[in-house]
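Engineer: Quick one, what's the 3D model for this:
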Amino acid sequence: MVRTRATSETSAGGVVYRMVHGQPVFLLIRDSYKNWGFPKGHIEEGEPPDETALREVAEETGLSDLSVRGELGAIDWFFRFRGKLIHKTCHFYLMESASAKTHPQRDEGITACKWLSYDDAKEHVSYENARDVLARALALVERLPVER
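Structural biologist: Residues are numbered from 1 along each chain as shown. From the prediction side, this is the model:
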C-alpha cells in the first residue's frame, strides 16, 4: 500500500462581530461552493497570522475599520485539491467592526456577506469545526469589557 503524504497549508482568518442593541451579530461569507463560513486566506511569507487575518478579512468583506479583539485558536482539516491531499490549518482571530457595510470579493468567489445573530449564524455555518470557532468567538465577546 502506498501512503500519500499531505501537503501542509496555513492560513488565517477572522470572526467579525459588531454590537447591535447590546447584542453581538456575526459576519458570515458565502464562498463559490455556496458554503457559509468566515473570511480567511493564505499567510504570506514573513507575515504574522494576525496581520494575514486582518488583510484577508478586509479583502474578502470590504470592511476596513477592523480591530483584533483576541485569538480564537486554530482548526485543521484535510481535503483533496487536484488529486493532492492537503492538510490545512487556519488560525482565527476575533475582530470587531463598527461598520455594517460589506462588499463581497466576487473575483475571489465570495458571493455574499451576511450579519447574523449567534443562533442564526450557528445554523448557517457549513462546517462543524467553524461552528466551534463561532462558539469560542461568542464566549470571548461575552468576556470583553463593555465600552462606554
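Engineer: quick one: contacts for the residue nearest to residue 144 when sequence neighbours are not counted?
Structural biologist: Excluding its sequence neighbours, the residue lying closest to residue 144 (CB to CB, 6 or more residues apart in numbering) is residue 69, at 6.2 Å. Quick note: C-beta positions are derived from backbone N, CA and C, even for glycine. Contact criterion CB atoms under 8 Å, 6 or more residues apart in numbering gives 93-96, 140-141, 144 as the residues in contact with residue 69.
Engineer: Scan those residues and report the most crowded one.
Structural biologist: residue 95 (29 neighbours; other CB atoms under 10 Å).
Engineer: That residue is in what secondary structure piece?
Structural biologist: Residue 95 is located in strand 84-97, with elements delineated by DSSP states H and E.
Engineer: residue ranges with poor pLDDT in this protein?
Structural biologist: Residue ranges of the chain with pLDDT under 70: 1-4, 147-148.
Engineer: That one: strands as residue ranges?
Structural biologist: Secondary structure of the chain, counting by DSSP state E: strands at 7-20, 23-30, 36-37, 40-42, 66-81, 84-97, 112-117.
Engineer: Show me what the third one packs onto, helices and strands only.
Structural biologist: Okay, so that is strand 36-37. strand 23-30 (3 or more CB pairs under 8 Å, 6 or more residues apart in numbering; DSSP states H and E).
Engineer: buried ones in stretch 87-106?
Structural biologist: The neighbour-count check on stretch 87-106 (16 or more other CB atoms under 10 Å) flags 88, 90-97, 102, 104-105 as buried.
Engineer: Could you save the residues you listed as JSON lines and add columns showing distance to residue 19?
Structural biologist: As requested, those are exported to JSON lines (distance: CB to CB, whole Å):
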{"residue": "88", "distance to residue 19": "31"}
{"residue": "90", "distance to residue 19": "25"}
{"residue": "91", "distance to residue 19": "24"}
{"residue": "92", "distance to residue 19": "20"}
{"residue": "93", "distance to residue 19": "18"}
{"residue": "94", "distance to residue 19": "13"}
{"residue": "95", "distance to residue 19": "13"}
{"residue": "96", "distance to residue 19": "8"}
{"residue": "97", "distance to residue 19": "10"}
{"residue": "102", "distance to residue 19": "16"}
{"residue": "104", "distance to residue 19": "22"}
{"residue": "105", "distance to residue 19": "25"}
